[in-house]
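Engineer: Could you work out the structure for the sequence below:
(4 chains, ligands or ions: 4)
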Amino acid sequence: MSHKARPQRSLTTEALARVEGEGAMRVEIHDGRVERVELNIYEPPRFFEAFLRGRRFSEPPDITARICGICPVAYQMSACRAVEDALGMEVSGQLRELRRLLYCGEWIESHILHIHFLHLPDFFGLDSAIELAGVNRPAVERALELKKIGNELLELIGGRAIHPINVKVGGFYKVPTRRRLLSFRPVLERARDLAAEVVALVSGLDFPDLQVEHEFVALRHPSEYAILEGRIVSDRGIDITEQEFPDHFAEHQVEHSTALHSRVRARGAYMVGPLARYSLNFDRLTPVAAQAAAEAGLGPECRNPFQSIVVRAVETLDVCEVALGIVDAYDEPDHPSVEAEVGAGVGHGATEAPRGLLYHRYQLDADGLITDAVITPPTSQNQAAVEDDLVRFVEANIAEEDDDVLRRGAEVVIRNHDPCISCATHFLDLTVVRS
Amino acid sequence: MVPIAYRVEWRRQDLPDTVTLGIAPVEAPLATPTPGQFMMVWAFGVGEVPLSVSGIGEDGRLEHTVRNVGAVTAALSRARPGEIVGVRGPYGAGWDLDRATGRDLLIVAGGLGLAPLRPAMLEALAERHRFGRMALLVGARDPQSLLYTEELEQWRGRFDIEVEVTVDAAPPSWRGDVGVVTKLLGRAPVDYAGATAIVCGPEVMMRFVAIGLTDAGVPPHEIWLSMERNMRCGIGHCGHCQLGPEFICKDGPVLSWTRMEKPMMVRER
Amino acid sequence: MTTVRSSSVKPKLAVWKFASCDGCQLTLLDCEDELLDVAGQVEIAYFLEASSATVAGPYDLSLVEGSITTPHDVERIHEVREQSKFLVTIGACATAGGIQALRNFTDVDELLSIVYATPSFLSTLDTSTPISDHVTVEFELRGCPIDRSQLLEVIGSFLAGRTPNVPAYSVCIECKRRGTTCILVANGTPCLGPVTHAGCGALCPAFDRGCYGCFGPMETPNVDSLVGALVGAGMDAGDVERVFRTFNAWSEPFRGAGVSEGDP
Amino acid sequence: MDVVLSRDGVADLVRQLRADGRRVIAPVRRDGAIRLDEVESLDELPTGWTDDQDGGSYRLHRIERPELFGSATPAMPWKRWVYPERTLLMTAERRDDGITITTPEPEAVPQAFFGIRSCDVHALSILDQVFLDPVDPTYAAMRRSTFIVAVGCARPGGTCFCASMGTGPAPTAGYDIALTEICTVERHDFYAESGSEQGAVMLGRLDGRSPTDEDRAVVSGLMTDAADQMGRRLDPTDPTAARDHYDHPRWDDVAARCLACANCTMVCPTCFCSTTEDTSDLAGVVSRRWRTWDSCFTLDFSYVGGAPARSSTRSRYRQWLLHKLVTWHDQFGTSGCVGCGRCITWCPVGIDLTVEIAAIAREPGGST
Ligand SMILES: Cc1cc2nc3c(=O)[nH]c(=O)nc-3n(C[C@H](O)[C@H](O)[C@H](O)COP(=O)(O)OP(=O)(O)OC[C@H]3O[C@@H](n4cnc5c(N)ncnc54)[C@H](O)[C@@H]3O)c2cc1C
Ligand code: SF4
Ligand code: SF4
Ligand code: SF4
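Structural biologist: Ligands and ions are numbered 1, 2, ... in the order given. Below is the predicted model:
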C-alpha cells in the first residue's frame, strides 16, 4: 500500500474504526492533486424501506429503531411523528414533553459516546477510550458516569436504552409517575454538572484550522433548540415544513456505496448535524448552555468540524437543562397515548437525531397498512459533504509523504462528522491511490 | 445450604475423563457419611453438584470420583492438591448393609456406578464375616474405562469374594467377558432368594439388572438401586430430583426396587 | 467450557460485525460500571466500534454481531471462526438472521429495486442467515438487542469456566418473578411471552405492553396454541403473521407461525 | 376471642399492626387486577371491586356495596413474602489464604398478611411442611415474623374450588385473626375471631363489641352460601383414580394446548421448586450463590445425564399435575392443591386442572 517515491500513491483503510458501523474510504491522488474521494459504505443493505411495505401503521417505531442501535429513539420519534402526521393525530402536552425527555436521554448517551469513545482519543493520538483511561482516567470515568445517566433516562422513560419498548404511535404504553420522575432530578443535576466539566475539558483542546463552507440544514423551532420538531431551515434560505422535504431534497445512489446520497435539489451537497444545528439555533440554547458555549470560545456560528466536539458537549449540557425543566413541570397525563384513528394518508416526520436531521415519510392505505416508506438518515445527507471535506483535507496535506499519517488524519475528518454507518439505511476502508 | 471448605490433598487420574480427589476439611469436618450417601460439592464461581462418596477416610477425609461431563465436574476435575472446594452433606439414604447381615451380598456396578459402591464394598470386606457369599459384578464400556483397576485386581485375588468383569466392546487381547453386565447375573455363585443386591450404574442398566435379579429370584425389596436425578439442594427443597413420590435426594438416592419399579417402567417420569 | 484465565496472559476478546444495527456491540460499551473492569480482565484485541488499534488473532473469545447477507460475509465468518477459540453470537441478527431476514420470505431483486435505482451495483445474497448456519457456534445470546447483564454473565462465566446462567424458558417465568400481573389474562393484551425466550426480565408486560418476541423462541414454544389465544385477544390473521415476522422471523417455529384453517 | 368491628375498627387494626412495626401486605387494585402490595392504610384496599375469573381470563368490575374484600384470590400468591423469588444464599471471596464464605442474615421484617383467604392460609401450612423440615432459614425467619389476618371468602371466584379441597371458604386454622366481612344494605361490619394468643391481644387493643347470636348466624350463612357458589369443583376421588394413568391419551391432548410457559407454577401458592445460580465478578474474586423460583415446566429442571428426563410437554404437565394432586399426598400427607384456582385463571390458554384430572381419571384409556 505505502511505497516510497512512487508516481502513484494508494492509501487504503480496510475498515474504519470508531465510527459506528463499518465502511471504507478511497482517495486517489494524481500529480499532487486529489482526483477522487469515495466514501465506500459496505454495510450490507438491509432493505428497511421495502420491509415496511405491508406493515401496520403501528409498526415503524419498533422496526425502524433496528436501523441503528446508537440512535434508536431518533428513528422511533421520526417514525411516530410521520405516522401521526399521516393519521392527523396530535401528540401534545405532557406526552410531547416525555418524548423530548426520552430524546434528551439519547442525546446525552450518544454525544458522550461520540465525544469520549470516538472523537477524543484522536486529539491525544490514542486509539481508544480505554487507552485514554490510561492517561486521563477521571475523564473516562466521568464520561462513563454521564453516559450511564443518559442510559438510565432512556430506561426510565423507554424501558431500555437500546431499542426502547415503551414508544408507540400516539405516545407511550405506560407513563412514569411524577414521583418517579422527580426522584430522578438529583441524577440529572449531577449530569448537568458533569456535562459542564466536559465542555471545559474539550474547549481546551487544540483544533486544527479548518472551516467548511457547506450549506447547513437543521430543524428550527420557535422556542426550543429543536430536537423533536420544527421547520427545516438552512443558512441559504431554505425554510420549509417537514412535508416539503421531498420537494427540496433528493436521494440518489452512487456506485461505490450502499448508502444513498442526499442533495439539495437546487444546489448539491449540504450538511446536517451538530455544526449545522448549533449555527442555526444558537439563539435557542438554554442560558446555561449559551454561557458555556461563549466560555468555550464558540461564536454564534461554528464551521470547524474539529470543534464539533465542543458543540456536542454544549448540546449535552443543554439537554440536561432541558430535561430538568421537563421533569420539574411534569404532570402525569391521564392517558399514556392518543388513540389512533385508522385511515389512508401520507405523513412526514423530521427530528434531530444526535447526528443530524432524520426524515421519515409513510403512505398508508385505508386499513392503516403502509404502501410506501422513505427514510433519509443523517449519514446519507452528509455523505457528499464528508467527501468534500476529505478532498480539502488531503489537498491541504498533500506534502505529507507518510501514508499512515495521512490515513489517520483522513479518518479523523470522517469521525468529525460521526457518520453512523449502520444508520445509512440503504450505506468504511481507506484507499489512497497516488500517481 | 452453605458449604464448608475442604482442601484437596491428592488427585488421581483414573481415566481420561475421570479423577478421584482426596479431600480433607480445613476446619471441623462434616458428619461422617455412610456408604452410598452423597455430598454437594462446590467449585468456586462455577457451581455445585451432587457427588457420591467413593471413599471414607480418617478425620473427616473424603474421596470423590468425578467424571468430567460439564462445567462443575470439569472445574473439580482440574482441582490440584492445595486447592479449596466447598462441601456440604452428607445427604440421603445410603446402602443399608445392616439389613444384609446374614445374607448373601451381590454388588453390581456399571461404569462410574462403582464409585458409590466402593465404600460399601470396603466395609463389607472389612466385616466379611457378617455376610454369606459375596460377589462383585462389574460392567464397563471397554477395558480402558474400568475404574479402580488395582483394587479390582486385589479383590479378584481374594477367595472370599467372586469378582466378575465384563465389557461392552473389547480388543482381542481382552481375556474377560464381553457383553452387558446382566449376562453375569446368573453366573454369580450366590443364593439368589437369600441375597441382597446393591446396584449402581446408568438408569437403563439398573432397570435391566433389577429385572434380571428378580427373575433369578432376588426378592424386590432386597434389590437396592442408587438413583440419579438433577439436584440443586440435596435436602428436598428444590424439587428437581422427584421421581414419582420420591425425593431422590432425601428418600434416596438408594431406593429399593419395590419403590422404583413403577416409576422406572414409565417413560419420562 | 474450560477456563482461560491464567495469571499472566489476559484472554483476547474480539468483537465482529456483520449485517446489524450495532446495538448489540454497543451493549458492551453500555456496561458503564463494568467496562474498565472488563478491559482489566481481557485484552480488547479487536473491537472497531471502540478502538482503532487491533491485535492479530487467534482470539480466546469472539463476540459476533450481525447476520450473513453477502458473499463476502460468508468468507469472513469462516475466517473469524478459524481465529476464534470460543465464538459467541450476540443478538437476533446473529442468532436468527435479524429483521433483514424478512428478505428470505420475498424476492430480493424486488427489494433492491424498491430501495435502489441501480440495484446491479450491489452485491447481496438472497437470504439473511444466522451465524450458526455457516460455522459452529459455542454459545448464542439472544435478544434484539441483547441484555446488558446477560452479556456480562456470558463474559464472566467464560472467564470463570462456568455455564452461563442464561435460561431458555419463557418470558412468563421472568414476568411472574418480577411480579407483573399477566396482561394477556387481565387485559386481553396479546402477548408473545409464553413462546418467547427469557432474558429481558419481562420488560414489555411491565410497561403494559405485550411481549413482541424480540428474544426469539423459547426452548419448547407451542406457537399453535398461543395463536389461538392471540386470536381470542382480537388479532386477525394478518396481525398474527406480522407479529411473528419481526426480528426473529427466520427462526422456527416463528417462521411458519400463522392462523391455520382449523383455528377459530 | 370474638368481637365485631366496624370499618373504622378494621382500619385501626391496620394502624395497630403498623404501630407494632409490621409492614402490612394487603390486596390493592393495580394494573387491572387485585394484587398484593404493602399498604399504609385500609383506604388503599380495593373498596367496591370484584373480579370475574375464568380459564385464562380475569376482569375487574365495580360492585354496588363498599366491600373491602369483594374479590377472590389476588393475582399472585403471598408466597414471595415468605419465599422470595430470588434469595442470596452465600457470598464467597477468594483470598490469598483460601476462600471465605459468608451467609447473609435472613431478612425478617415483621409483617402482616392482611386479608389472606383460607385457601392461601392452607397453602402456607403446606409450604411449612416443605421449608421447616429441614429448615430453610430465610423461610423460617420470614414466616415467624408474619402476623396472619385471614378473611372468610363471601364471594368465591369463578375458578375457585376450595370447598371441594376442604380448605375453605371459612378460615379454620393457621391465623392470628380471622375476619368475615358483613356488608349488606343495613350494615357494614366485620366479625373478628382470634386464632392465637397474639391475635387475641391485638383484638383486645381494638374498639369492638361482643358478637350476638345473630352475628354468628349471619357469618355462618355467608360461608355456607359461599361454599355453594364455587366456580369449580374437583372430585376428591379423581386424583386417586388417575394415579396410575400415565399413558392416558388425555396427556397428549393437554400437551397440545399447554404452552409450558410455567405461569401455573409461578402463580400457585404451594409450588416451591427452585434452582440455584452461581455468579462471579469479572476478576473472579467474589462469587455469589442465588436461589430463584424455578418450574417443573422447564427443560433444565430434569436435566440429568446429558438430557432432560422429561423432554416432552406431556411428561412435564403430567409431572406437575400428578405431583400437585397425587404424589404430594405420599410426600406430605395432604394435597398440594388448595383450590385457589389461580392456575386456571392465569393460564394464558385457560387449561383447567379440575377438568384435566377428571378426564384422566374417568375417560377411557386410563388403564396401563
Ligand atoms: C446422588 C448423585 C450422586 C452422584 N455421584 C456422582 C459421582 O460420584 N461422580 C460423578 O462424576 N458424578 C456423580 N453424579 C452426577 C453429577 O452430579 C453430574 O454429572 C453433575 O451434576 C454434572 O454437572 P456439571 O456442572 O459438571 O455439568 P453440567 O454442565 O451441569 O451438565 C453436564 C451434564 O450433567 C448432567 N447434570 C447436570 N446437573 C446434574 C445434577 N444435579 N445431577 C445429575 N446430573 C446432572 C446434565 O444432564 C448434563 O448433561 C451424581 C449425581 C447424583 C444425583
Ligand atoms: S404478561 Fe405475557 S409474559 Fe407475562 S405472564 Fe402474561 S403472557 Fe406471560
Ligand atoms: S418482553 Fe418480549 S419484546 Fe419485550 S423486551 Fe422482552 S423479549 Fe423483547
Ligand atoms: S394447583 Fe392451581 S388451584 Fe391448586 S393451589 Fe396451585 S394454583 Fe391454586
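
Engineer: Can you tell me the centre-most residue of the chain?
Structural biologist: Let's take chain A. Chain A has A:Arg355 as the residue nearest its centroid, 1.2 Å off, counting by CA atoms, centre = their mean.

Engineer: Sorry, I should have been clearer: chain D.
Structural biologist: D:Pro269 (3.1 Å).

Engineer: Now for that residue: which residues touch it?
Structural biologist: D:77-79, D:119-120, D:123-124, D:127, D:338, D:340, D:342 (CB atoms under 8 Å, 6 or more residues apart in numbering or on different chains). To be clear about C-beta, it is placed using only N, CA and C from the backbone, and glycine gets the same treatment.

Engineer: burial of A:Gly409, as a residue count?
Structural biologist: 17 (other CB atoms under 10 Å in any protein chain shown).

Engineer: Pull up the gap between the closest residue to chain B within the stretch 151-300 of chain D and C:His72, please.
Structural biologist: Proximity of the stretch 151-300 of chain D to chain B (CB to the nearest CB) peaks at D:Cys273, 3.4 Å away. Per CB to CB, to the nearest Å, D:Cys273 is found 49 Å from C:His72.

Engineer: Which one of those two is surrounded by more residues?
Structural biologist: Remark: of D:Cys273 and C:His72, D:Cys273 carries more neighbours, 22 against 15, as counted by other CB under 10 Å.

Engineer: was I right about the more buried one contacting D:Asp294?
Structural biologist: Yes - the criterion here is CB atoms under 8 Å, and D:Cys273 meets it with D:Asp294 at 4.9 Å.

Engineer: which residue sits closest to the closest residue to ligand 1 within the stretch 151-300 of chain D, ignoring its sequence neighbours?
Structural biologist: Closest residue of the stretch 151-300 of chain D to ligand 1, CB to the nearest ligand atom: D:Asp300 (8.6 Å). In this structure, D:Asp300 finds its nearest non-sequential neighbour in C:Pro167, 6.6 Å apart by CB to CB, 6 or more residues apart in numbering or on different chains.

Engineer: Contacts only, for the one you found.
Structural biologist: Counting by CB under 8 Å, 6+ apart, C:Pro167 has contacts C:173, C:198, D:298, D:300.

Engineer: The closest residue to chain C within the stretch 101-250 of chain B: neighbour count?
Structural biologist: Here the stretch 101-250 of chain B gets closest to chain C at one residue, B:Arg232, 12.6 Å apart by CB to the nearest CB. Here the count is done by other CB under 10 Å, and B:Arg232 has 26 residues near it.

Engineer: any residues in contact with both of D:Cys273 and D:Asp294?
Structural biologist: Common neighbours of D:Cys273 and D:Asp294 (CB under 8 Å, 6+ apart) are B:238-240, D:301.

Engineer: In those residues, find the pair that's most separated.
Structural biologist: Within these, B:Cys238 and D:Phe301 form the most distant pair, 9.4 Å apart (CB to CB).

Engineer: what touches both of the two?
Structural biologist: D:273, D:275, D:294.

Engineer: Grab the nearest non-local neighbour of the last one.
Structural biologist: Sequence neighbours aside, D:Thr275 is the residue nearest to D:Asp294 in space, at 3.9 Å (criterion: CB to CB, 6+ apart).

Engineer: Now do the contacts for the residue positioned nearest the centre of chain B.
Structural biologist: Nearest to the geometric centre of chain B sits B:Pro116, at 2.2 Å (CA atoms, centre = their mean). Contacts of B:Pro116 were listed using CB under 8 Å, 6+ apart, and they are B:35-36, B:38, B:52-54, B:200, B:226, B:253.

Engineer: neighbour-wise, which of those residues leads?
Structural biologist: B:Cys200 (30 neighbours).

Engineer: residues contacting the one residue in chain B that gets nearest to ligand 2?
Structural biologist: Of all residues in chain B, B:Gly239 sits closest to ligand 2, at 20.8 Å by CB to the nearest ligand atom. Residues in contact with B:Gly239 (CB under 8 Å, 6+ apart) are D:272-274, D:294, D:296.

Engineer: mind redoing it with 10 Å?
Structural biologist: Contacts for B:Gly239 (CB atoms under 10 Å, 6 or more residues apart in numbering or on different chains) come out as B:230, B:232-233, B:247, B:249, D:130, D:265, D:271-275, D:294-296, D:301, D:319, D:323.

Engineer: coming back round to it: between the contacts of B:Pro116, which is closest to chain C?
Structural biologist: B:Phe38 (20.9 Å).

Engineer: Beta-bridge partners for the closest one, please?
Structural biologist: B:Ser52, B:Tyr91 (DSSP bridges).

Engineer: Contacts only, for it.
Structural biologist: B:49-53, B:64, B:89-92, B:94, B:116, B:226, B:228, B:231, B:234, B:248-249, B:252-254 are the contacts of B:Phe38 under CB under 10 Å, 6+ apart.

Engineer: Could I get the pLDDT score of it?
Structural biologist: We note a pLDDT of 98 for B:Phe38 in this prediction.

Engineer: Quick check: the gap between the residue of the stretch 251-400 of chain A found nearest ligand 4 and chain C.
Structural biologist: Residue nearest to ligand 4 within the stretch 251-400 of chain A: A:Pro336 (31.4 Å; CB to the nearest ligand atom). For A:Pro336, the distance to chain C (CB to the nearest CB, to the nearest Å) stands at 7 Å.

Engineer: Kindly provide the distance from that residue to A:Leu98.
Structural biologist: A:Pro336 is 9 Å from A:Leu98, by CB to CB.

Engineer: And for A:Leu132?
Structural biologist: Taking CB to CB, one finds A:Leu132 at 35 Å from A:Leu98.

Engineer: out of the two, which sits in the busier spot?
Structural biologist: A:Leu98 (25 against 20).

Engineer: need the next SSE after the host helix or strand of that one, C-terminal direction.
Structural biologist: Element membership of A:Leu98 [criterion: DSSP states H and E] is helix A:93-112. Going down the chain from helix A:93-112, the next helix or strand is helix A:120-123, by DSSP H and E.

Engineer: Spit out the contact partners of the residue of the stretch 151-300 of chain D closest to chain B.
Structural biologist: B:232-233, B:237-240, B:242, D:130, D:265, D:293-298, D:301, D:320, D:323.

Engineer: Mind checking which of the residues you listed are in strands?
Structural biologist: B:242, D:293 (DSSP state E).

Engineer: and the stretch 1-150 of chain C, which residues reach chain D?
Structural biologist: C:3, C:5, C:31, C:34, C:37-42, C:149 (CB under 10 Å from any CB of the partner chain).

Engineer: Show me which of those residues is closest to ligand 2.
Structural biologist: Looking across those and measuring by CB to the nearest ligand atom, the closest to ligand 2 is C:Ser149, at 18.7 Å.

Engineer: does that closest one really touch C:Leu141, like I thought?
Structural biologist: No - counting by CB atoms under 10 Å, C:Leu141 is not a contact partner of C:Ser149; they are 11.2 Å apart.

Engineer: what is in contact with those two at once?
Structural biologist: C:27, C:199.

Engineer: ok so, going back, any shared contact partners between A:Pro336 and A:Leu98?
Structural biologist: By CB under 10 Å, 6+ apart, A:Pro336 and A:Leu98 have these common neighbours: A:166, A:171-172, A:175-176.

Engineer: of all these, which comes closest to ligand 1?
Structural biologist: Nearest to ligand 1 among those: A:Asn166, at 37.0 Å, using CB to the nearest ligand atom.

Engineer: which stretches of the stretch 251-400 of chain A have low pLDDT?
Structural biologist: Where the stretch 251-400 of chain A drops to pLDDT under 70, the residues are A:253-261.

Engineer: Show me the strands in it, by range?
Structural biologist: A:261-264, A:270-271, A:345-353, A:356-364, A:370-376 (DSSP state E, counting those that start in this stretch).

Engineer: Compute the inter-axis angle for the last one and strand A:356-364.
Structural biologist: Here strand A:370-376 points in a direction 170 degrees away from that of strand A:356-364 (axes from the mean of the first three to the mean of the last three CA atoms, to 10 degrees).
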